[in-house]
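[1] structure of the sequence below:
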Amino acid sequence: MTPLLFAMVASFLAATGARDQILVARLAGSLGASPALLVVALASSALTAGIAAWFGAQLAQTMSVNAATMFVAIALLLASFECGWP
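    So this is what the prediction gives:
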């Protein structure tokens with residue numbers, strides 16, 4: 001389980017400033033900065049993270065240690081591609 005925690009932290013640090021933040025910034029620029037936009041952005045982020053964590057926990061129960069390590073490596077690789085995508 002420790003590799004999954006390290007992968008989550010690495011993905012979080014790598015995704016800082018990703019497309020979601022740019023989208024919210026553009027919406028705030030065109031619609032005006034409002035508390036409602038901030039609440040919607042935070043709520044959608046929390047909901048998405050919760051769903052991903054739940055599915056990750058379900059998947060982790062069915063995987064062996066070697067498979068989990070390989071899955072973490074693939075997830076980090078895909079996260080790096082996503083951060084590099086414009």
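
[2] okay, now V72: neighbour count?
    19 (other CB atoms under 10 Å). Every residue, glycine included, has its C-beta placed from N, CA and C.

[3] pretty sure it contacts G56?
    No - no contact is recorded between V72 and G56 when judged using CB atoms under 8 Å, the distance being 10.4 Å.

[4] quick one: low-confidence residue ranges for the protein.
    In the predicted model, the chain carries pLDDT under 70 at residues 1-2, 5-6, 8-18, 85-86.

[5] mind checking the longest helix of it?
    Secondary structure of the chain read by DSSP state H shows that its longest helix is helix 35-62.

[6] mind listing what's buried in the next helix or strand after that helix?
    On the C-terminal side of helix 35-62, the closest following helix or strand by DSSP states H and E is helix 65-84. Of the residues in helix 65-84, those scored as buried under the neighbour-count criterion (16 or more other CB atoms under 10 Å) are A68, F71, V72, A75, L76, A79.

[7] how close does the fourth one get to V65?
    Pointing back at A75 there. Distance check for A75 against V65: by CB to CB, to the nearest Å, it reads 16 Å.

[8] equivalent analysis for the last one, please.
    Noted for A79: a distance of 21 Å to V65, by CB to CB.
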